[in-house]
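just need the structure, nothing else, for what follows:
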Amino acid sequence: MRIGILQCGQSPDQLKRDLGDYPDMFMDLLAGRGLDFRTWHVEGMAFPDDIHDADGWLLTGSRHGAYEDHAFIPPLEDFIRRVHDAGLPMAGICFGHQIIAQALGGTVRKYPGGWAVGAQDYDFDGQRVTLNAWHQDQVMDLPPGATVLARNAFCENAALAWGDRILTVQAHPEFGDDFIRGLMRTRAKGVVPEPLLEAAEARMGQAGAGSRLMADRIAGFFLQAGRIDDRGAA
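Numbering: from 1, shown residues only. Next up is the predicted model:
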């Protein structure tokens, strides 16, 4: 099954050589699960010609806010709505989670409670799942048709679904501890309060099992959608 990765941001230059860019991280996360990939750098205005250029779509994180004035955001929102209307499977992570929600009628804002950095615990339908996170923005108002799959006290809308066609997650299952540490060095100074960075360092090593679980869930979501489509085509 071909998954189109819509790259919405870039890894910091200081980290990219050793730890890879965002599409690399997703390909590593989902490796060996029956998927292959093609990437479009939509932040750089490189968009697919058609929503059917892939069997499903995955939107990455970004340092940008979904509500900010960037040239790539309006055409990306239009693409999201066309994928949604066509019933193609689509997943989004962090910024991807937020921009999908915004494009479909939700609201994204900076959370007054501040930042989530490093390992965070989420309630996924009664199951505790620990994932690395790096965000201040959140989906604050749900779009029509969205169901909440995961939450915690800090982030009420931590994972969303629209039936069996869209799956979005606020946290970063693709971020390993080395990358979180790299972000702490390159993007946190003067931005993220020091106590949060200390707490994140203290919890290093706790998100690996959750990332593997989420990789299985994302891959299973795409493959199940593909099987449903194949039966429908038959």
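
just the buried positions in stretch 116-125, please.
By neighbour count with 16 or more other C-beta atoms under 10 Å, stretch 116-125 contains the buried residues 116-120, 122, 124. Placement of C-beta: from N, CA and C, glycine included.

residues in contact with it?
128-136, 149-152, 154-155, 158-159, 171, 180, 184, 188, 192, 196-197, 199-201, 203-204, 206-207 (C-beta atoms under 8 Å, 6 or more residues apart in numbering).

any idea how far it is from the chain center?
Taking C-alpha atoms, centre = their mean, to the nearest Å, the mean C-alpha location of stretch 116-125 is offset from the chain mean by 14 Å.

related to what we said a few turns ago, if you look at the contacts of stretch 116-125, which of them are in helices?
Among these, the members falling in helices (DSSP state H) are 180, 184, 196-197, 199-201.

which among those residues gets closest to R82?
I180 (33.9 Å; C-beta to C-beta).

so who does that closest one touch?
I180 sits next to 117-118, 132, 134, 200, 204 when contact means C-beta under 8 Å, 6+ apart.

pick out the most distant pair among these.
Checking the contacts of I180 with C-beta to C-beta, the most distant pair is W134 and M204, at 13.5 Å.

which of those two has more neighbours?
Between W134 and M204, counting by other C-beta atoms under 10 Å, W134 is the more crowded of the two (23 against 15).

tell me how far the more buried one lies from K16.
Separation of W134 from K16 (C-beta to C-beta, to the nearest Å) stands at 16 Å.

could you do L183 as well?
Counting by C-beta to C-beta - L183 and K16 are separated by 12 Å.

compare neighbour counts for those two and give me the winner.
Each of L183 and K16 has its neighbours counted (other C-beta under 10 Å); L183 has more, 23 against 14.

tell me if I'm right that the more buried one and G9 touch.
No: assessed by C-beta atoms under 8 Å, L183 is found out of contact with G9, at 12.0 Å.

kindly reformat the ones in helices among the contacts of stretch 116-125 as CSV containing distance to I5 and pLDDT.
Listed next are those as CSV, based on distance: C-beta to C-beta, whole Å; pLDDT from 0 to 100:
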residue, distance to I5, pLDDT
I180, 21, 97
M184, 25, 96
L196, 29, 96
L197, 29, 96
A199, 31, 97
A200, 26, 97
E201, 30, 97
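
I am finished for the moment; much appreciated.
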